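Peer 1: output the structure for:
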Amino acid sequence: MVKKYVLAAVLLLALAACGGGGDTTPAAGGAGGESTGELIEITLLNNKVEIDGALRDFAALYENMFGIRVNIQSFGGETPYQPALAAMLSAGDEPEIFVFEGYTDFAAARDSGRIMDLSDQPWVADTGMAFFDEQGRVVGFPVALEGWGLGYNVEILRQAGVDTSTMTNIDGIRAAFDLVNSQLDELGLDAVVSMAAGPGMTWVTGLHAINAYLSLGLDYTDRTLIDMLLAGEVDEPRLRAFAEYYQLIFQNSITSTLLTGGYDQQLADFAIGRTAFIHQGNWVDPTFAELGVDFEMGYVPHAFLSEHTPGIFVGAPSWYLVNPLSQNPQAAIDFLNFMASSPEGHEYMVTHAGAVPAFYSVTLVPSGPLSRAVTEWSARGQVYAWWQNDMPAGFGMNTLGPIFALLASGDIDVDGFVQLTTEAVAAIAP
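Peer 2: Numbering: from 1, shown residues only. Take a look at the predicted model:
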């Protein structure tokens, strides 16, 4: 398998075992260590707008320390990353570092000659989440360890009398929603869940949501559902239960945010206490910190099945590659080594970006409440894999996302969702 995701690695990351190290100083004079007398510049394309400020600050620190400029360009949220990357590459611009997510993105970069062998880099021994190609070479630097479930406001659920330990199957989820829904006025809420499923938000539905169908309740390396999908098949009873769960979420969401609200509105609804739950991952921690949100949060599973499924989705969602077609690939390699190995890099990842780092040597603990929740679920071994990025390119956002939107708007029901999704998946088969 190209992806070497292993549960043991996830647990080690959560426990921050010691290891790694290596030289943290870039080669003198920039790329290849040769002094050119000119300012060395590299470009990094970032797909998480939430960490844009922290990443820019880290790039500025790096330039002050070593005289190498790192230009950060961020896309995400309501401005999708992949189209921006494609446009840049089509225009002949070759960033030194950019993000790929899963095998499909990797294959595209490989086939266009934009992959470098990084197997000999010091950070490789410091992580269990590197991305390997078919020849067993390391080609991807793990950006972070990320996770998501159904986020919740601890205090609101305490006031409502919800026991989150019961929310590990669909009966527990329904009971908790009903309990909160019956007390909206007393709790000062507008709805139970903050969810957005309209235009520009198909990455939430067509990628993160569908991953529950693909991995909930399965062993971490179990590819059964993703392999079925790639073969054009679905598990109809499971898909129906999944559709019923998302219909439940949609019916308990703020209608305007659900149908037309963007990323910022979804986060704002939860941040100001309009809802008890939010459908987002721990990457929102930096945004909440900027907004001054300081209430306690946690995660419960997207437990759409009748059986007990105590786990959230945790993995390395994306990797940095070094582009050999760029102007300064060696300078990019030096920058990534510094990020992984230096105290400054660790401080950036954990304290400023709010990430759960993918490197054993990092001993700092994330301050963001949802990142702490990811760490806690991981430490207990209660995690399920990320398979959504193994779907064909564009299938999640462009094909499945609009089907979710139809369910959210009421234009189709559960039967319609199952039918349209089954037909879409069948079209994948060669």
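Peer 1: where does the prediction get shaky in this structure?
Peer 2: 1-37, 77-78 (pLDDT under 70).
Peer 1: in it, which spans are strands?
Peer 2: Along the chain, counting by DSSP state E, strands occupy 40-46, 68-74, 97-100, 131-132, 138-142, 146-148, 150-153, 193-194, 277-278, 297-300, 312-315, 319-322, 383-384.
Peer 1: got TSV for those strands, with mean neighbour count too?
Peer 2: (Glycine included, C-beta is placed from N, CA and C.) Formatted as TSV, these follow (neighbours: other CB atoms under 10 Å):
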stretch	mean neighbour count
strand 40-46	21
strand 68-74	19
strand 97-100	25
strand 131-132	20
strand 138-142	24
strand 146-148	26
strand 150-153	25
strand 193-194	27
strand 277-278	26
strand 297-300	23
strand 312-315	27
strand 319-322	24
strand 383-384	25
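Peer 1: out of those, nearest to Y245?
Peer 2: Closest to Y245 of the strands of the chain is strand 150-153 (CB to CB; 10.1 Å).
Peer 1: partners of the closest one in the sheet?
Peer 2: strand 277-278 (antiparallel), strand 297-300 (antiparallel) (DSSP bridges).
Peer 1: what does that strand contact?
Peer 2: Applying CB atoms under 8 Å, 6 or more residues apart in numbering, the contact partners of strand 150-153 are 164, 167, 173, 193, 270, 273, 275-280, 284, 295-302, 370, 373.
Peer 1: distance from that strand to the middle of the chain?
Peer 2: Per CA atoms, centre = their mean, to the nearest Å, the displacement of strand 150-153 from the mean C-alpha position of its chain is 16 Å.
Peer 1: stretch 56-64 now?
Peer 2: Using CA atoms, centre = their mean, the offset of stretch 56-64 from its chain centre is 24 Å.
Peer 1: one more: stretch 257-272?
Peer 2: Using CA atoms, centre = their mean, the offset of stretch 257-272 from its chain centre is 18 Å.
Peer 1: and it, C-alpha only, in PDB?
Peer 2: Output in PDB follows, covering the C-alpha atoms of stretch 257-272 (Å, rounded to 0.1, in the frame of the first residue of the first chain):
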ATOM      1  CA  THR A 257     -26.200  28.700   7.500                       C
ATOM      2  CA  LEU A 258     -26.900  25.100   6.300                       C
ATOM      3  CA  LEU A 259     -28.000  26.100   2.800                       C
ATOM      4  CA  THR A 260     -26.200  29.400   2.000                       C
ATOM      5  CA  GLY A 261     -23.700  30.000   4.900                       C
ATOM      6  CA  GLY A 262     -20.000  29.800   4.300                       C
ATOM      7  CA  TYR A 263     -17.200  28.600   6.500                       C
ATOM      8  CA  ASP A 264     -17.000  31.800   8.600                       C
ATOM      9  CA  GLN A 265     -20.700  31.800   9.300                       C
ATOM     10  CA  GLN A 266     -20.600  28.100  10.400                       C
ATOM     11  CA  LEU A 267     -17.800  28.800  12.800                       C
ATOM     12  CA  ALA A 268     -19.300  32.000  14.100                       C
ATOM     13  CA  ASP A 269     -22.600  30.300  14.900                       C
ATOM     14  CA  PHE A 270     -20.900  27.900  17.200                       C
ATOM     15  CA  ALA A 271     -18.400  30.500  18.600                       C
ATOM     16  CA  ILE A 272     -21.200  32.800  19.800                       C
END
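Peer 1: end to end, how far does stretch 87-105 reach?
Peer 2: 15 Å (CA to CA, to the nearest Å).
Peer 1: if you could redo that for stretch 161-181, that was the one I meant.
Peer 2: In stretch 161-181, first residue to last residue: 12 Å (CA to CA).
Peer 1: the chain should start at 16 in everything you say after this.
Peer 2: Happy to do that; since the first residue is 16 now, the last one works out to stretch 176-196.
Peer 1: ok, residues contacting that stretch?
Peer 2: With CB under 8 Å, 6+ apart as the criterion, stretch 176-196 contacts 165, 167, 171-172, 175, 202, 204, 207-208, 256, 259-260, 263, 267, 291, 313, 315-316, 318-325.
Peer 1: ok, A258 touching L422?
Peer 2: Yes - counting by CB atoms under 8 Å, L422 is a contact partner of A258 at 6.9 Å.
Peer 1: so what sits against both of the two?
Peer 2: Joint contacts of A258 and L422 (CB under 8 Å, 6+ apart) are V429, F432.
Peer 1: these two touch, right, H367 and R71?
Peer 2: No - judged on CB under 8 Å, H367 makes no contact with R71 at a distance of 10.3 Å.
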